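J.: fold the following, please.
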Amino acid sequence: MNSFVERTPLSKALMTGLFTGLVSTIVSLFYNIFFRLSTGFPLPEIVNVSSIIFVINLIFVFIGLFYFFLHRISARGDLIYLVITVGVTLIVLWLVSGMESSQNSRYVHDFKGLLTGIFVIMSINAFLIPFLIKKKWFEDFFL
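T.: Residues are numbered from 1 along each chain as shown. So this is what the prediction gives:
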């Protein structure tokens, strides 16, 4: 059976957001394992497997919707999206650098390293959304 499926801009944005969220989740899980094994960071209360899986994917659904609405309201939606993404990334990394999560200075340093790595992974994947949406091979194989 050969059927033609037309993908709307909204479905492309959502599915690309979900795909990049899945990639971010997998890479973040491996980073989390590697980081905890190499540093011995023992505090999994905030950043653990469950929070990585659910929060990252939920965030990327909203990122996909955000991209769609920016692209919809402006002809330069891609540029605006990239500028906002860079700005949010810098603000979040600045906030993480000033965060105090424990009285133990070693735990504070390790927590900042773990959170910074996960945000960098997420930012890289968020930057890819405008480029992936426009690629025909991506649409054919993944959407």
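
J.: gap between S105 and V92?
T.: S105 sits 22 Å away from V92, taking C-beta to C-beta, to the nearest Å as the criterion. The C-beta positions use only the backbone N, C-alpha and C, and glycine is treated the same way.

J.: please say which of the two ends up with more neighbours.
T.: Using other C-beta atoms under 10 Å, the more surrounded residue of S105 and V92 is V92, with 16 against 9.

J.: tell me which element the more buried one falls in.
T.: Using DSSP states H and E, V92 sits in helix 77-97.

J.: and that helix, what other elements does it pack with?
T.: With contacts defined as 3 or more C-beta pairs under 8 Å, 6 or more residues apart in numbering; DSSP states H and E, helix 77-97 has these neighbours: helix 49-73, helix 105-133.

J.: so which bits of the longest one are buried?
T.: Of the residues in helix 105-133, those scored as buried under the neighbour-count criterion (16 or more other C-beta atoms under 10 Å) are 110-112, 114-115, 117-119, 121-123, 125-126, 128-130, 132-133.
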